[in-house]
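[1] no letters, just coordinates:
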C-alpha cells in the first residue's frame with residue numbers, strides 16, 4: 001500500500017523522499033506549505049503534533065495504519081519495516097544510530113541557523129549569530145570529513161544515517177561551505193548523488 005509523505009522541499013523532507021526511493025516503497029507526496037503555515041492545520045497536527053515536517057502515514061503499519069513524525073524516527077521506522085539500510089546486528093547498528101543522532105542534534109540545527117542569520121537584514125543583528133553558526137557548521141563538516149576518511153559511508157555500509165546527513169549536505173552551498181575543502185565529504189556526496197534512487201528522491205516535487 002502507498003505511504004503518505006506529508007512534507008515540503010526542505011533538507012528534512014528530502015531525507016525521507018530519498019529513503020523511500022532507495023527502499024523501493026510506494027508513496028504519494030502531500031505538500032505542506034510551511035510558508036503559509038499549513039503545518040499548523042489541525043489535520044496535520046494529528047500526525048505531527050510538533051507542527052514540523054515531514055510526517056508519514058503508513059496504511060500498512062504494524063497492526064494497522066500508523067503515523068510517524070520526526071525525520072529520524074521515520075528513517076528508523078522505514079528501516080525496520082523494510083529491513084534495508086538498518087542493520088539487525090546491534091554492533092553494526094550502533095554507528096548508524098550514532099551518526100543519525102549526530103545529524104539530528106547538530107548537522108541540521110547548526111546549518112539551519114546559518115540559513116536563518118543569512119536572511120537577517122540588519123548587519124549588526126546578523127554578525128554574531130552568523131559567525132557563530134558558520135564556525136560550528138564548518139566544524140561539523142570537518143567531523144564528517146574525518147569520519148569519511150576511514151569508511152566509505154558514515155556507518156561503514158550505506159544506511160539511513162547517510163540519507164539523513166545527505167539531506168543537509170545537499171544545501172552545502174546555502175551553508176556557504178565549499179566541498180572542495182572537505183575531500184572525503186565530497187567523495188561521499190558525489191557517490192550518493194550518483195545513485196539512481198537517490199537522484200529520484202531529489203527530483204520528485206515536494207512543494
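    Done, it's in. In this text the structure is predicted, and so the values were computed from the model without any measurement. Numbering: from 1, shown residues only.
[2] in this structure, which spans are helices?
    11-23, 42-45, 71-82, 90-105, 109-118, 123-148, 160-169, 183-193, 196-203 (DSSP state H).
[3] so which of those is nearest residue 52?
    Closest approach to residue 52 among the helices of the chain (CB to CB): helix 11-23, 7.7 Å. Yep, even glycine has a C-beta here, placed from its N, CA and C like the rest.
[4] what angle do that closest one and helix 90-105 make?
    In terms of direction (axes from the mean of the first three to the mean of the last three CA atoms, to 10 degrees), helix 11-23 departs from helix 90-105 by 150 degrees.
[5] for residue 136, see how far away the residue of the chain positioned farthest from its centre is.
    In terms of distance from the mean C-alpha position of the chain, residue 124 ranks first, at 31.4 Å (CA atoms, centre = their mean). According to CB to CB, to the nearest Å, residue 124 stands 21 Å off from residue 136.
[6] over to residue 160?
    Distance check for residue 160 against residue 136: by CB to CB, it reads 24 Å.
[7] which of these two has more neighbours?
    Taking neighbours as other CB atoms under 10 Å, residue 160 and residue 136 compare with residue 160 leading, 30 against 17.
[8] OK, contacts around the residue nearest to that one when sequence neighbours are not counted?
    Nearest residue to residue 160 in three dimensions, chain neighbours excluded: residue 75, at 4.0 Å (CB to CB, 6 or more residues apart in numbering). Contacts here follow CB atoms under 8 Å, 6 or more residues apart in numbering; on that basis residue 75 touches 15-16, 19, 100, 160, 163-164.
[9] can you select the buried ones among these for me in PyMOL?
    A single PyMOL command selects the buried members of these (16 or more other CB atoms under 10 Å):
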select buried, resi 15+16+19+100+160+163+164
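[10] adding pLDDT and distance to residue 131, write the contacts of residue 75 out as JSON lines.
    Putting the contacts of residue 75 into JSON lines (pLDDT from 0 to 100; distance: CB to CB, whole Å) gives the following:
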{"residue": "15", "pLDDT": "98", "distance to residue 131": "28"}
{"residue": "16", "pLDDT": "98", "distance to residue 131": "32"}
{"residue": "19", "pLDDT": "98", "distance to residue 131": "34"}
{"residue": "100", "pLDDT": "98", "distance to residue 131": "28"}
{"residue": "160", "pLDDT": "98", "distance to residue 131": "33"}
{"residue": "163", "pLDDT": "98", "distance to residue 131": "30"}
{"residue": "164", "pLDDT": "98", "distance to residue 131": "27"}
